[in-house]
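Enquirer: sequence first, then the predicted structure:
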Amino acid sequence: MNVKLVKPAALTELSAVPGTCESIQFEVDGEHFDEIDVEYDPRHRAYWFFMRPREAPSYTLSLLRDVKQMQHSVKRLYARHLREGEQPIRYLVGASRLTGIFNLGGDLRYFAERIRAEDRASLQNYAYACIDVLHNSATSLDLPIVTVALVQGEAFGGGFESTLSCDLIVAEKSVKFGLPEILINLLPGMGAYSFLSRRLDMVRAEKMIMSGRIYSAGELHEMGLVDVLADDGHGEDAVRDMLARHGRRYNAYRTLYQMRRRVRPIPYEELKNITDLWVDAALGVTEPDLRRMERLAMAQNRRRTNDELALTAK
């Protein structure tokens, strides 16, 4: 389901920013990324991006590069179209084009290759690429905007971590979340501990990380991690409804999330130090762990292939 964009003729409610929304719409329509689709919703001044990885349904280096490029593009758009007293972009909404999958986390096949080669530098570069985009999200790109994760499929490992970096999480009821790294004798190293210990507390964060348990969207909603629980197939509608409800009180909501970041900031240096620990741990896994990692990578790729076959058959 694609975002239904409002035509320029219907932009009467945005007359306070004449020309701005149409200009942003034109620029966003002209943007191109290899593994991301982008759209602009002028009614709510929301910039949407949809991940569509070409290979593994995970955070590969190429997908991470596209996400970082897209984040820089949003900052440039904001700066070019900012007018006194008005915001050209209010929301940054992240979602996925993959059926049943938001993101399955780290690139396990790449991990296994680099660990066997004892290639610390490549593992570290990958980890830093992850926290670059996560820290940008956690700080709302250093802009007065609200970040939203729309989860319509499984979010495991780094996929779960990336949702936690957002101000708001909207998830469909059938969605599953989890941090399964313990199954390969590792821990999530790109933000899970930092985000969960602030949203919950250290005890519950550690319990979630060490259990490797899979959680339903409903369970995380009860815990306060998922903000809006949507019916299956209606996630995008739920996001638009939420943005409409927030519309008249946007200033208050935006300020609330800014306060949250001031009270419980996540410094980049903290994420960097934790990823360095993760690299040390990754280089310490055993051969049986690596074989298990490769089997999981194969299972992830089969999921992607099966979903593509199902779509082709329709």
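Expert: Looks like it arrived, so ask away.

Enquirer: for the rest of this, base every contact and every neighbour count on C-alpha atoms.
Expert: Fine.

Enquirer: which parts of the protein are helices?
Expert: 20-29, 61-81, 108-116, 120-138, 158-164, 192-199, 202-211, 217-223, 235-246, 250-263, 268-282, 287-313 (DSSP state H).

Enquirer: give me whichever of these is most buried.
Expert: helix 158-164 (a mean of 26; mean count of other CA atoms under 10 Å).

Enquirer: low-confidence ranges, the protein, go.
Expert: 1-19, 84-85, 304-314 (pLDDT under 70).

Enquirer: and the contacts of stretch 274-282?
Expert: 115, 120, 123-124, 127-128, 186-191 (CA atoms under 8 Å, 6 or more residues apart in numbering).

Enquirer: on that earlier part again, which one of the helices of the chain lies closest to Gly100?
Expert: For Gly100, the closest of the helices of the chain is helix 287-313, at 8.1 Å, according to CA to CA.

Enquirer: how many residues are close by Pro119?
Expert: Small correction: residue 119 is Asp, not Pro. When neighbours are defined as other CA atoms under 10 Å, Asp119 has 14 of them.

Enquirer: output the helices of the chain as TSV; include the columns distance to Val170.
Expert: Putting the helices of the chain into TSV (distance: least, CA to CA, whole Å) gives the following:
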stretch	distance to Val170
helix 20-29	24
helix 61-81	20
helix 108-116	27
helix 120-138	16
helix 158-164	9
helix 192-199	16
helix 202-211	20
helix 217-223	9
helix 235-246	7
helix 250-263	16
helix 268-282	24
helix 287-313	23
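
Enquirer: could you check how far Leu220 is from Glu118?
Expert: 37 Å (CA to CA, to the nearest Å).

Enquirer: which residues are in contact with the nearest residue to His234 once chain neighbours are set aside?
Expert: Closest residue to His234 apart from its sequence neighbours, by CA to CA, 6 or more residues apart in numbering: Glu172 at 7.4 Å. Each residue near Glu172 by CA under 8 Å, 6+ apart is listed here: 151-153, 217, 229-235.

Enquirer: so of these, which ones are in strands?
Expert: With strands taken from DSSP state E, the overlap with these comprises 151, 229-230.

Enquirer: what's the closest of those residues to Met210?
Expert: The nearest member of the ones in strands among the contacts of Glu172 to Met210, counting by CA to CA, is Val151 at 23.1 Å.

Enquirer: what is the burial count for that closest one?
Expert: Taking other CA under 10 Å as the definition, Val151 ends up with a neighbour count of 31.

Enquirer: please tell me how far the nearest residue to it once chain neighbours are set aside sits from Pro53.
Expert: Closest residue to Val151 apart from its sequence neighbours, by CA to CA, 6+ apart: Ala171 at 4.6 Å. Distance, Ala171 to Pro53, using CA to CA: 20 Å.

Enquirer: the more surrounded of these two?
Expert: Higher neighbour count among Ala171 and Pro53: Ala171, with 33 against 22, using other CA under 10 Å.

Enquirer: what sits against that one?
Expert: Contacts of Ala171 (CA under 8 Å, 6+ apart): 150-152, 217, 226, 228-230, 235.

Enquirer: any chance of CSV for these, columns distance to Cys166?
Expert: Shown next, in CSV, are the contacts of Ala171 (distance: CA to CA, whole Å):
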residue, distance to Cys166
Leu150, 10
Val151, 12
Gln152, 15
Ala217, 16
Val226, 11
Val228, 13
Leu229, 16
Ala230, 17
Gly235, 16
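
Enquirer: just the CA coordinates for stretch 143-153, please, in CSV.
Expert: This file holds the C-alpha atoms of stretch 143-153, laid out as CSV (Å, rounded to 0.1, in the frame of the first residue of the first chain):
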residue,chain,number,x,y,z
LEU,A,143,16.1,19.0,13.3
PRO,A,144,12.9,20.0,15.1
ILE,A,145,11.0,17.0,13.5
VAL,A,146,9.4,13.8,14.8
THR,A,147,10.6,10.4,13.7
VAL,A,148,8.2,7.5,13.2
ALA,A,149,8.8,3.8,12.5
LEU,A,150,6.0,2.0,10.7
VAL,A,151,6.4,-1.7,11.2
GLN,A,152,4.3,-4.0,9.1
GLY,A,153,6.6,-7.1,9.2
